[in-house]
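[1] What follows is a predicted protein model with its sequence.
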Amino acid sequence: MEIGVCVKRVPMVGGKIVLTPDEQEVDTRLSGFTISPHEECAVEEAVQITERLGGIVSVLTLGPAEAADQLRDALALGAKRAVLLETDGREWGPIATAEAIVAEVRRHAADGPGYDLLLCGNEAADTGDYQVGIRVACALGWPCVTGIKNLEITETGGQATARARREFQGGEETFEFGLPAVIGVKEGINLPRYPSLPGRLRAKRAVIEASEPQWRDDGLRKRSLRVPATQRKQATVLGTGADAVPALVGVLDEWGLLS
Amino acid sequence: MTVLCLVEHDADGPADASLRALTFAAKLAGAGPGGPVPVAAVLFGPADQVPGDALAAYGASSAHVVEPGHLDGYAPQAWARALAGLAAQVGAAAVVAAATDRGNEVMAYLGALTGLPMAANCVQAEPGDDGTYQVVRHRWAGLLLEEASLTGSPGLMTVATEAVPPAAVAEPVGALPVHPYAPSLSDDDLRVRATQTAGHSSGASLATARVVVGGGRGVGGPDGFAPLEELASLLGGVVGVSRVVTSEGWRPHRQQVGQTGTKITPELYLACGISGAIQHMAGCGGAKHIVVVNTDPGAPILAHADYAVIGDLGEVIPALVAALRARSASA
Ligand SMILES: Cc1cc2nc3c(=O)[nH]c(=O)nc-3n(C[C@H](O)[C@H](O)[C@H](O)COP(=O)(O)OP(=O)(O)OC[C@H]3O[C@@H](n4cnc5c(N)ncnc54)[C@H](O)[C@@H]3O)c2cc1C
Ligand SMILES: Nc1ncnc2c1ncn2[C@@H]1O[C@H](COP(=O)(O)O)[C@@H](O)[C@H]1O
């Protein structure tokens, strides 16, 4: 079984998001880069599935050359193969991104057995488009479900099936379908491991397969970004330690929370 | 021309998120360059259970219903297929849904089936003369707003419902006409379908709780949560936590508040031992009041809070619990 995991390089924003002066990007001069926690869990889930059932994990990303760092992070955690769909740094929309991923999936299938399962994050941390995985699945004619917080893959007689569960209105709903498929996972599906030292060394030496898909316009065009106006408050300090408790009780009472 | 709005239901009728989506749809329908157009709700379920009055109150002037005989339960691609068919039938100008798990999923499928772009988590949209929509949408879970233009007809959008309060319309239609719709579905459309939907858990949910007692790294470990649980139950609320707490395995992820957890909208969020990282604040910006308990008077969360107690939560929370118990004993 080969599982492809789609990850996206995004700025690691700290205490505050700062924009570039042209209001087109997040200013990343002082920030590092990372991937969404959902995608970290997708990598971990894929590694766990192959530890159980055999096979390999491939990690793929569409992004600038520097996105190789995020691929190497995933290699250090147990992915074996890394694919970079290299861009010139321009932002790609979800339709164009999905097309480039589909082209990679088809190319890979032409060279061998291809992917049996693609895992995505539920949504990318930056654009939050909630759709790349579904567009990939529909183009390939594969089933897809998102928001998954529990996944069981079983193989019987050469056919693999997925049993995928997610939260629904305080309860849960379950989906079952055959592979190949695309599944969007959410943080909480597992607790990602930390990279091992041998893992890091292996990742450093690994060869990354790179190609350069052609950018194309998407139907959703960004004009500008802005930080929403929030009423910044400054908390009134009620006091220190347990001595502040009577004042705190007074505030809760005033808000009608103690009746 | 019509604006279609997917309406989901929960145990009590139309989901609150869907009433917010209807509010968004009604506003969009009223702003058409050629004058106002009607809003039609789209529901999946028995026709005799369509909540006509509620839909009308929030601006729908008709409803299309796909009954269980045609499509039973939740199947995202089949729901999208039905929306695509209806959009073609009524000549929809836009199709809108709440940005719930199902709403985002169905609308992404609709985008994929039709080849149209889809804008997720919109807070505002205005139709332009040239058939494009000028939208404002959330990025970074609402920490940033994006101004974008959306092309394609119909315009496909999901609504960031925490930013759009439900608003009843001034003149609702009297009796809402309900039209049954029979989608034509292929086997592939039904490949992914919810086979079991487990009953709703009884306890108050994090998303809808009136009081949330938050615990972060400052709680110190899995054993530190008992006083927070006790406080939450005294206040009729639930415990929420930061990502540090779930990634350390101290508490399950379903209790996480924030960008990749749950968005909460309580009357009171009492955040204990939480620094206030922006990804955490993305989940609690909807709280009416925030009170902080933190050892550090410089913690960023103080800039979002009404009141703060500076001190060790291991001392403050048990003292608060004791004070509340004494109060109710003497009352
Ligand atoms: C893409 C992305 C998504 C994310 N999503 C989320 C999310 O959904 N939710 C989330 O919470 N985080 C999220 N994070 C993580 C976030 O950036 C922070 O790392 C996290 O919120 C910090 O948790 P914390 O406040 O508990 O810990 P810390 O930042 O370590 O803060 C601990 C606080 O406790 C105080 N303290 C310590 N001891 C005590 C004591 N005894 N009594 C009182 N106070 C004490 C300290 O002064 C400090 O202010 C995300 C990060 C990324 C990159
Ligand atoms: N540039 C990208 N490269 C690789 N995978 C991506 C990219 N953009 C989105 N994805 C995948 O699709 C998921 C959903 O993204 P989105 O639809 O943009 O919110 C992400 O969590 C990733 O798994």
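    Looks like it arrived, so ask away. Numbering: from 1, shown residues only, chains lettered A, B, ... in the order given. Ligands and ions are numbered 1, 2, ... in the order given.
[2] what's A:Thr240 in contact with, if anything?
    B:Val309, B:Ile310, B:Gly311 (CB atoms under 8 Å, 6 or more residues apart in numbering or on different chains). C-beta here means a position set from N, CA and C on the backbone, and glycine is covered the same way.
[3] could you dump those residues to CSV with neighbour count and pLDDT?
    Formatted as CSV, the contacts of A:Thr240 follow (neighbours: other CB atoms under 10 Å in any protein chain shown; pLDDT from 0 to 100):
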residue, neighbour count, pLDDT
B:Val309, 29, 98
B:Ile310, 20, 98
B:Gly311, 21, 97
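[4] Give me the subset of these that also touch chain A.
    B:Val309, B:Ile310, B:Gly311 (CB under 8 Å from any CB of the partner chain).
[5] For A:Ala74, which non-adjacent residue is spatially closest?
    Nearest non-adjacent residue to A:Ala74, counting by CB to CB, 6 or more residues apart in numbering or on different chains: A:Val59, 4.0 Å away.
[6] Kindly indicate whether whatever residue of the stretch 151-300 of chain B ends up closest to ligand 2 is helix, strand or coil.
    Using CB to the nearest ligand atom, the single residue of the stretch 151-300 of chain B nearest to ligand 2 is B:Thr260, 10.7 Å away. Using DSSP: H, G, I helix; E, B strand; the rest coil, the structure places B:Thr260 in coil.
[7] before we move on, back to that, which ones among the contacts of A:Thr240 are found in strands?
    B:Val309, B:Ile310 (DSSP state E).
[8] Distance-wise, check the closest residue to ligand 2 within the stretch 151-259 of chain A relative to chain B.
    Taking CB to the nearest ligand atom, ligand 2 has its nearest neighbour within the stretch 151-259 of chain A at A:Gly184, 6.4 Å off. Separation of A:Gly184 from chain B (CB to the nearest CB, to the nearest Å): 8 Å.
[9] Now do the contacts for that residue.
    A:38, A:119-123, A:133-134, A:144-148.
[10] Reformat those residues as TSV; add neighbour count, distance to ligand 2 and pLDDT.
    As requested, the contacts of A:Gly184 are arranged in TSV below (neighbours: other CB atoms under 10 Å in any protein chain shown; distance: CB to the nearest ligand atom, whole Å; pLDDT from 0 to 100):
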residue	neighbour count	distance to ligand 2	pLDDT
A:His38	26	6	97
A:Leu119	30	7	98
A:Cys120	28	3	98
A:Gly121	27	2	98
A:Asn122	28	6	98
A:Glu123	28	4	98
A:Gly133	31	5	98
A:Ile134	31	8	98
A:Cys144	27	11	98
A:Val145	30	13	98
A:Thr146	28	8	98
A:Gly147	23	11	97
A:Ile148	25	12	98
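[11] from these, which is closest to ligand 1?
    The closest of the contacts of A:Gly184, once distances to ligand 1 are taken by CB to the nearest ligand atom, is A:His38, at 8.6 Å.
[12] If we go by neighbour counts, what in the helix or strand hosting the closest one is buried?
    A:His38 is part of helix A:37-53 when elements are defined by DSSP states H and E. Using 16 or more other CB atoms under 10 Å in any protein chain shown as the test for burial, helix A:37-53 gives A:37-50.
[13] how close does B:Lys27 sit to B:Ala167?
    Using CB to CB, to the nearest Å, B:Lys27 is found at 8 Å from B:Ala167.
[14] for stretch B:166-183, what is the average pLDDT?
    Averaging pLDDT along stretch B:166-183 yields 94.
[15] Buried by neighbour count: which residues of that stretch qualify?
    Applying 16+ other CB under 10 Å to stretch B:166-183 flags B:Pro166, B:Ala167, B:Val169, B:Pro172, B:Val173, B:Leu176, B:Val178, B:Tyr181, B:Pro183 as buried.
[16] circling back to that earlier point, give me phi/psi at the closest residue to the residue of the stretch 151-259 of chain A closest to ligand 2 other than its chain neighbours?
    In this structure, A:Gly184 finds its nearest non-sequential neighbour in A:Thr146, 3.3 Å apart by CB to CB, 6+ apart. The phi/psi pair for A:Thr146 (degrees, to the nearest 10) reads phi -120, psi 170.
[17] Rebuild the buried residues of helix A:37-53 as CSV, extending it with distance to chain B.
    Listed next are these as CSV, based on distance: CB to the nearest CB, whole Å:
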residue, distance to chain B
A:Pro37, 5
A:His38, 6
A:Glu39, 10
A:Glu40, 9
A:Cys41, 9
A:Ala42, 12
A:Val43, 14
A:Glu44, 11
A:Glu45, 13
A:Ala46, 18
A:Val47, 17
A:Gln48, 16
A:Ile49, 19
A:Thr50, 22
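[18] Whether stretch A:22-33 contacts ligand 1 - can you check?
    No - Stretch A:22-33 lies out of reach of ligand 1 by CB under 6 Å from any ligand atom, never closer than 9.9 Å.
[19] Residues contacting that stretch, please?
    With CB under 8 Å, 6+ apart as the criterion, stretch A:22-33 contacts A:9-14, A:17-20, A:66, A:69-70, A:91, A:126, A:222, A:224-226, B:144.
[20] Buried ones among the residues you listed?
    A:Arg9, A:Val10, A:Pro11, A:Val13, A:Ile17, A:Asp69, A:Gln70, A:Asp126, A:Lys222, A:Leu225, B:Leu144.
[21] need the contact list for the third one.
    Looking back up the chat, that one is A:Pro11. Counting by CB under 8 Å, 6+ apart, A:Pro11 has contacts A:Val26, A:Thr28, A:Ser31, A:Gly32, A:Phe33, A:Thr34, A:Asp126.
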